[in-house]
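S.K.: here is my input, please return the structure:
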Amino acid sequence: MLSRMRPEEQIPHLNAYLERMNGLIGWMLRPRWDELGATTSGFMPVNLDVTPMRRLADSSLFLAAVAFAHSEVSGQINVYRMDPKDRPLSINEDRYFADLALGNRTQLPVWIIEASTSLNPDLSGFLGENVPLFKMEPDPDHHWLLVVPASVWAAWDSRVRSTIGTRLIGAP
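M.R.: Next up, the predicted model:
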């Protein structure tokens, strides 16, 4: 059963450890990740309201977000936003790694020990019901952009794009 408790309340030690050591920014419910329909064949538009990055969607600087799968065990969400201080390359691409198999990672027992916690049914259940998202380091070739990539805009239909109107710098 999916709990309404926040991850820091359910798994406080492992949550704090992953934040500190691995750049964890939050958790998504597994069904919400599955609803994104992320595949290895292309981008899917993302409603950030169902992610830990929901506050970005409220910003006037938000442009777009897309998800895709690397494999059956990992995926990624890319968020595109304006950052005027980075002119002329004022569009930033922030990348978040989705670990769809954290509960099966060979490092997990070490992390559990280092986090001063234990692998018990509650932790196993939590890891099966939630997807951790980790902020990735900026890629110098992709973080600072002049325009949002055409492949991202192709994932957004005209109805989605019209909801954010004139902020779509570089939209086709």
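S.K.: dump the helix ranked longest in the chain to CSV, restricted to CA.
M.R.: For the chain, the helix with the greatest residue count under DSSP state H is helix 12-22. Below are the C-alpha coordinates for helix 12-22, written out as CSV (Å, rounded to 0.1, in the frame of the first residue of the first chain):
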residue,chain,number,x,y,z
PRO,A,12,14.8,9.1,7.2
HIS,A,13,18.3,7.6,7.4
LEU,A,14,18.6,6.3,3.8
ASN,A,15,16.8,9.4,2.4
ALA,A,16,19.3,11.7,4.2
TYR,A,17,22.3,9.6,3.1
LEU,A,18,21.2,9.6,-0.6
GLU,A,19,20.6,13.3,-0.5
ARG,A,20,24.1,14.0,1.0
MET,A,21,26.1,11.4,-1.0
ASN,A,22,24.3,10.9,-4.3
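S.K.: going forward, the N-terminal residue is numbered 23.
M.R.: Sure thing, new numbering starts at 23, so read that last one as helix 34-44.
S.K.: now do the buried residues in it.
M.R.: Neighbour counts over helix 34-44 (16 or more other C-beta atoms under 10 Å) mark 35, 36, 37, 38, 39, 40, 41 as buried. From N, CA and C alone the C-beta is placed, and that goes for glycine too.
S.K.: same question for stretch 141-152.
M.R.: Quick answer for stretch 141-152 (16+ other C-beta under 10 Å): 145, 148, 149, 151, 152.
S.K.: I'd like these as CSV, with distance to residue 129 and pLDDT appended.
M.R.: CSV is the format used below for those (distance: C-beta to C-beta, whole Å; pLDDT from 0 to 100):
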residue, distance to residue 129, pLDDT
145, 15, 92
148, 17, 93
149, 13, 94
151, 20, 93
152, 17, 94
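S.K.: show me those that map onto strands.
M.R.: Among the buried residues of stretch 141-152, the ones falling in strands (DSSP state E) are residue 152.
S.K.: shaky segments in the protein?
M.R.: 23-26, 179-194 (pLDDT under 70).
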